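Turn this into a model:
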Amino acid sequence: MVFNIIKLAGVFIFCLVSAVNAGAEEKSGTGARAVVEKFQAELIDVMKNGKQLGFSGRFDKLTGPVTNSHDLTKIARIVVGKEWEKLSSEQQDKLVEVFSRLSIASYAHNFKEYSGETFTFDSEAELSRAGVVVHSHLTVPDDKPVKFDYQLKEKGDSWRIINIIANGVSDLALKRSEYTTILQREGFDALISKINEKIDNYSKQ
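Here you go, the predicted structure:
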């Protein structure tokens, strides 16, 4: 369970540099901590019914929570790096759509059963150049807790998750290198095919 949870970080983990607006927390309709805690509560709820729902049921239940709490467009852009600008608008839209499905599928795969896990808020801090970070941990019965650091950036009247680090583990550099290499050497269609293959594998496990 913990291994799968930590692996989940690979899909989303990356560093994003952006300016922080003064007083952003007060301006936002929904604070960063509230966004994280709402998503975590929805995740636990799906986990509690995970076996009965099956993969497709968990995917459907998590579509709203994931898209409402994560900035999936920004995540997709960062994952492919400078290659983003080389894509047509249609390709960019397609990448965001497929990557969003991958993100939801990853949660549906890794958070598929419940054995008494609970999320606990630890602290929240404003980062000098990267928005807000919310520190929390997942208590796992009969195992070590999993530390989660959520990096969020203001978007509209709320905050959106743009980075997740689980127990300090990040393979974003590997993912970004892999995706950009595929784009450069094999092309856009090959990347989309690879992502779809990953989604298909998640649905079967």
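
Go ahead and confirm residue 175 touches residue 78.
No. Using Cβ atoms under 8 Å, residue 175 is not in contact with residue 78; the gap is 10.1 Å. For the C-beta atoms, the positions are set from N, CA and C on the backbone; glycine is no exception.

What segments of this protein are helices?
Using DSSP state H, the helices of the chain run over 2-12, 24-27, 32-48, 50-69, 72-80, 89-110, 172-185, 188-204.

could you dump the ones you listed to a markdown table with distance to residue 163, mean pLDDT and mean neighbour count?
Below are the helices of the chain laid out as a markdown table (distance: least, Cβ to Cβ, whole Å; pLDDT from 0 to 100; neighbours: other Cβ atoms under 10 Å):
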| stretch | distance to residue 163 | mean pLDDT | mean neighbour count |
| --- | --- | --- | --- |
| helix 2-12 | 7 | 49 | 17 |
| helix 24-27 | 17 | 42 | 12 |
| helix 32-48 | 12 | 98 | 18 |
| helix 50-69 | 13 | 97 | 17 |
| helix 72-80 | 8 | 91 | 20 |
| helix 89-110 | 13 | 96 | 19 |
| helix 172-185 | 8 | 81 | 15 |
| helix 188-204 | 19 | 96 | 15 |
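
Would you mind measuring from the residue lying farthest from the centre of the chain to residue 83?
Most distant from the centre of the chain: residue 185, at 26.5 Å, with distances by Cα atoms, centre = their mean. Per Cβ to Cβ, to the nearest Å, residue 185 is found 11 Å from residue 83.

Check residue 51 too.
According to Cβ to Cβ, residue 51 stands 39 Å off from residue 83.

So in terms of bridging, what pairs with the residue nearest to residue 150 when sequence neighbours are not counted?
In space, and not counting its chain neighbours, residue 150 is closest to residue 134: 4.5 Å by Cβ to Cβ, 6 or more residues apart in numbering. According to DSSP bridges, the residues that bridge with residue 134 are residue 124, residue 150.
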